[in-house]
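# quick one, structure for this:
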Amino acid sequence: MSLEALKDVVRKITRSSSIDRKLVEEIVRDIQRALIKADVNVRHVKEITDAIKKRALREEVLEGMNPKEHVIKIVYEELLRGVGEGLEIPLKKSKIMLVGLQGSGKTTTAAKLAKFFKDKGLRTAVVCADTWRPAAYEQLKQLAESYKIAFYGEKDNKDAVKIVENALKKLRDYDMIIIDTAGRHALERELIDEMIEIAKVANPDYKLLVLDAAIGQLASKQAKAFHEAIGIDGIIITKFDGTAKGGGALSAAREIGIPIAFIGTGEKVEDFERFDPAGFVSRLLGMGDIRALIEKIERVTKEEELDPEKFLKGTFTLKDIYKQIEAMQKMGPISKIFELLPFGAFKVDENVMEMTQEKMKKFKVIMDSMTEEELLNPKIIDSSRIRRIAIGSGTTLQDVKELLKYYKTMKNVMKKMKKLEKGRLPFKLPKLGF
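Next up is the predicted model:
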């Protein structure tokens, strides 16, 4: 969702000489434009911004805060109230039924959801109960195999209810069973009846509606229809990237009173996260989302069998980086990691942030040309060593320097992130729940 303007709101407040009515009215207009552009329901936009204006102009500044911090706190709290609740599914034996219209991304989400819980230590399985879309069986099967998740489906059986019934008998020893159901272009009676029957047989602990972020304000109509048909426990918003107008889905959740459980931000398995309202709003305002970053690091360090404490403390060496580069690759581009840190935490060269597949391969080749001592203690790498390493790896002096710069940058990122986790912010702002 393109809400970069909200970060500018915080910057405008922090850079202002004073807080007065004119500034408050300016930031309220900026927030209104950003929310409306993101397809947030106009009524909700008015409620949020009216509350911000009223509180900013009338409330006394809290003790221990300055006027700027006080207004930022108000903006944060009212946006948080506007976002609504999050649904945190406990890590215990459960069944989840996914519903939604065709094209919403249910099948991909089923696999991502299974991978999420698998990474948390649960024995997880997926069930293909979509007998309407011909490619659904093969797609879910392939995704499950690639993530090493148990799969159940009956390719030639058109009875979705019977498939679910058989699956539950077969998968009774699994902790988390995720059922992918059929979707249509519209919520037809036949589809509703099938969902009701599957729900009766499966008796799911959670019925989650999968909504496409790009659907805009039609999300509210869809959510109401599914909720009235089978009762929805939570929402998963997919395709919630920088271009999607995800405000409609957020508005739908708030309007109907259904919490949001997860958000999918891309096609890759790592582009999927638990929805934490406080972290989400903090990120929108440029204050970062340390909890989400911690979860990313814990997941990839577990997969690569790395020591998370060593990683988080920034005490790793180039020898560790050899493996950790692949872990960072699974976390996504460094630029995405920086989005989870508060703006102003520290400045970094954009070229260092662009870690491509090609660079990763090149960095490994460079490290293969280093001695054990250099890998363990990069500080000893001077200009003569850089020259020798470049010749030995068939790369340039600049390539070797770029690796060393990347290494130093990542150490700084991890050290800074550890401080932020403990609440030591690099700029003075009220603690707002990150």
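
# farthest residue from the center of this protein?
Of all residues in the chain, Ser384 has its C-alpha farthest from the mean position, at 43.4 Å, by CA atoms, centre = their mean.

# next helix or strand past the host helix or strand of that residue?
Secondary structure here is read from DSSP states H and E; on that basis Ser384 sits in helix 383-393. Using DSSP H and E, the next helix or strand after helix 383-393 towards the C-terminus is helix 397-421.

# ok, the residue farthest from the centre of the chain - contacts?
When the contact criterion is CB atoms under 8 Å, 6 or more residues apart in numbering, Ser384 has no partners at all. C-beta here means a position set from N, CA and C on the backbone, and glycine is covered the same way.

# switch to numbering from 755
Fine by me, first position is 755 from now on; the one you just mentioned is Ser1138.

# what kind of secondary structure is Gln976 in?
The three-state assignment at Gln976 reads helix, by DSSP: H, G, I helix; E, B strand; the rest coil.

# what is the neighbour count of it?
21 (other CB atoms under 10 Å).

# do the one 5 residues further on as well
By other CB under 10 Å, 18 other residues sit near His981.

# A strand includes it, no?
No: in this structure, His981 is helix, not part of a strand, as judged by three-state DSSP.

# confidence score at the nearest residue to it once chain neighbours are set aside?
Of all residues not flanking His981 in the chain, Ile1010 sits nearest, at 5.8 Å (CB to CB, 6 or more residues apart in numbering). Predicted confidence (pLDDT) at Ile1010: the value is 87.

# residues contacting Ile1010?
Contact analysis of Ile1010 by CB under 8 Å, 6+ apart lists Ser974, Ala977, Lys978, His981, Ile986.

# if we can go back for a sec, what about the helix holding Ser1138, distance to the chain center?
Mean C-alpha position of helix 1137-1147 versus that of the full chain (CA atoms, centre = their mean, to the nearest Å) differs by 40 Å.

# strands of the chain, start to end?
Listed in chain order, the strands found in the chain under DSSP state E are 848-853, 878-883, 904-906, 930-935, 960-966, 988-992, 1014-1018, 1026-1028.

# dump the ones you listed to CSV, plus mean pLDDT.
CSV is the format used below for the strands of the chain (pLDDT from 0 to 100):
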stretch, mean pLDDT
strand 848-853, 97
strand 878-883, 97
strand 904-906, 97
strand 930-935, 97
strand 960-966, 95
strand 988-992, 94
strand 1014-1018, 93
strand 1026-1028, 89
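
# neighbours around Ala979, how many?
14.

# pretty sure it is touching Glu942, no?
No: under the criterion of CB atoms under 8 Å, Ala979 lies out of contact with Glu942, with a separation of 10.6 Å.

# centroid residue for this structure?
For the chain, Glu1027 is the residue whose C-alpha lies nearest the centre (CA atoms, centre = their mean; 3.7 Å).

# isn't that one up against Gly1020?
No: counting by CB under 8 Å, Gly1020 is not a contact partner of Glu1027; they are 10.8 Å apart.

# Gly1148 touches Val1119, doesn't it?
Yes: here Gly1148 lies in contact with Val1119, judged by CB under 8 Å, at a distance of 7.3 Å.

# and the helices in the stretch 905-1054 of the chain, which stretches?
For the stretch 905-1054 of the chain, the helices identified by DSSP state H, counting those that start in this stretch occupy 914-924, 943-956, 972-984, 1001-1010, 1031-1038, 1044-1057, in order along the chain.

# any idea which of the ones you listed is most buried?
Using mean count of other CB atoms under 10 Å, the stretch among the helices of the stretch 905-1054 of the chain with the greatest mean number of neighbours is helix 1001-1010 (a mean of 26).

# kindly export that helix (C-alpha atoms) in CSV.
Written as CSV, here are the backbone C-alpha positions of helix 1001-1010 (Å, rounded to 0.1, in the frame of the first residue of the first chain):
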residue,chain,number,x,y,z
GLY,A,1001,-6.7,0.4,2.6
GLY,A,1002,-9.9,-1.1,1.4
ALA,A,1003,-9.2,-4.4,3.0
LEU,A,1004,-8.1,-2.7,6.2
SER,A,1005,-11.4,-0.7,6.2
ALA,A,1006,-13.4,-3.9,5.6
ALA,A,1007,-11.8,-5.6,8.6
ARG,A,1008,-12.5,-2.6,10.9
GLU,A,1009,-16.1,-2.1,9.6
ILE,A,1010,-17.1,-5.7,10.2
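
# what angle separates that helix from helix 972-984?
Between helix 1001-1010 and helix 972-984, the angle comes out at 40 degrees (axes from the mean of the first three to the mean of the last three CA atoms, to 10 degrees).

# Gly1148 and Val1119: which is more packed in?
Higher neighbour count among Gly1148 and Val1119: Val1119, with 15 against 11, using other CB under 10 Å.

# quick check: the nearest residue to that one once chain neighbours are set aside vs Asp1153, distance?
If you skip the residues right next to it in sequence, Val1119 has Ser1147 as its closest partner in space, 5.0 Å away by CB to CB, 6+ apart. Here the criterion is CB to CB, to the nearest Å. By it, Ser1147 lies 8 Å from Asp1153.

# need the residues touching each of the two.
Shared contacts of Ser1147 and Asp1153, counting by CB under 8 Å, 6+ apart, come down to Ile1120.

# hang on, isn't Ser1005 packed against Ala973?
Yes: distance between Ser1005 and Ala973: 7.2 Å, which falls inside the contact criterion (CB under 8 Å).

# list the buried residues in the helix holding Ser1138.
Neighbour counts using 16 or more other CB atoms under 10 Å place Arg1139, Ile1140, Arg1142, Ile1143, Ala1144, Ser1147 of helix 1137-1147 among the buried residues.

# ok and that helix relative to helix 1151-1175, angle-wise?
Using the same axes, to 10 degrees, helix 1137-1147 lies at 110 degrees relative to helix 1151-1175.

# alpha carbons only: can I get helix 1137-1147 in CSV?
Extracted in CSV, the C-alpha atoms of helix 1137-1147 (Å, rounded to 0.1, in the frame of the first residue of the first chain):
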residue,chain,number,x,y,z
SER,A,1137,45.4,-2.6,1.0
SER,A,1138,48.0,-5.2,0.1
ARG,A,1139,45.8,-8.0,1.3
ILE,A,1140,42.9,-6.5,-0.7
ARG,A,1141,45.1,-6.6,-3.8
ARG,A,1142,46.1,-10.2,-3.2
ILE,A,1143,42.5,-11.3,-2.6
ALA,A,1144,41.3,-9.5,-5.7
ILE,A,1145,43.9,-11.2,-7.9
GLY,A,1146,43.3,-14.6,-6.3
SER,A,1147,39.5,-14.4,-6.8
